[in-house]
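J.: Below are the sequence and a predicted model; questions follow.
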Amino acid sequence: MLDDIDKGILRLLQEDGNISLSEIADKLNVGVATVHRRIQRLKMEKIIKKKIVVIDPEKIGKKIFAFIEIKTSPNYEQKILDILSSLEEITEVYLVTGDFDLIVKLVVEDIKEFTQVIEKIRQIKGVVDTRSAIVIKTKKEEYKIKI
């Protein structure tokens, strides 16, 4: 169970992954050693999965964002999940409920590359149907979780 110090650490790290241990300690009114120990525990418990840099895809030429819903044949989900997870263009892969079994997010340079990825997906054994939605405008893209 997370206490107020753990929650404070997580909030601060979500705001700025480069914040120093001493800054966290000052803001939470605890010792640096306490912060260090807590972060190590949060990592060990996989509450903190990893620290990453968030890149603006458009600034590196990736202008097409899309969500693809995928319907699969029974008993093929895991194999398809594994294949989709290995494709570099696909940034997120989810097993979901509803009319479709999987949803993936992909980020590519242009419509040509988008079409190529869709064709790769459709050729995977066990993929029955796909439905695509290209993102026209992003209003909110947040990586923080309310704690």
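T.: Yep, it's here.
J.: Quick check, central residue of this protein?
T.: The centroid of the chain falls nearest to residue 92 when counting by CA atoms, centre = their mean (5.6 Å).
J.: Break this structure into its domains for me.
T.: 4-44, 57-134 (automatic domain parsing).
J.: coming back round to it: how much space separates the residue nearest to the centre of the chain from residue 30?
T.: With the distance defined as CB to CB, to the nearest Å, residue 92 ends up 35 Å from residue 30. C-betas here are computed from N, CA, C, even on glycine.
J.: again with residue 102
T.: In this structure, residue 102 and residue 30 are 43 Å apart, going by CB to CB.
J.: ranges for the strands of this structure?
T.: Ranges of strands within the chain are 64-72, 90-95, 102-108, 127-134, based on DSSP state E.
J.: re earlier: check contacts around the closest residue to the residue nearest to the centre of the chain other than its chain neighbours.
T.: What sits nearest to residue 92 in space, not counting adjacent residues and going by CB to CB, 6 or more residues apart in numbering, is residue 105, at 4.1 Å. Taking CB atoms under 8 Å, 6 or more residues apart in numbering, we find residue 105 in contact with 65-68, 90-92.
J.: if we go to 6 Å?
T.: Contacts for residue 105 (CB atoms under 6 Å, 6 or more residues apart in numbering) come out as 67, 91-92.
J.: If anything else comes up later, I'll come back, but that's it for now.
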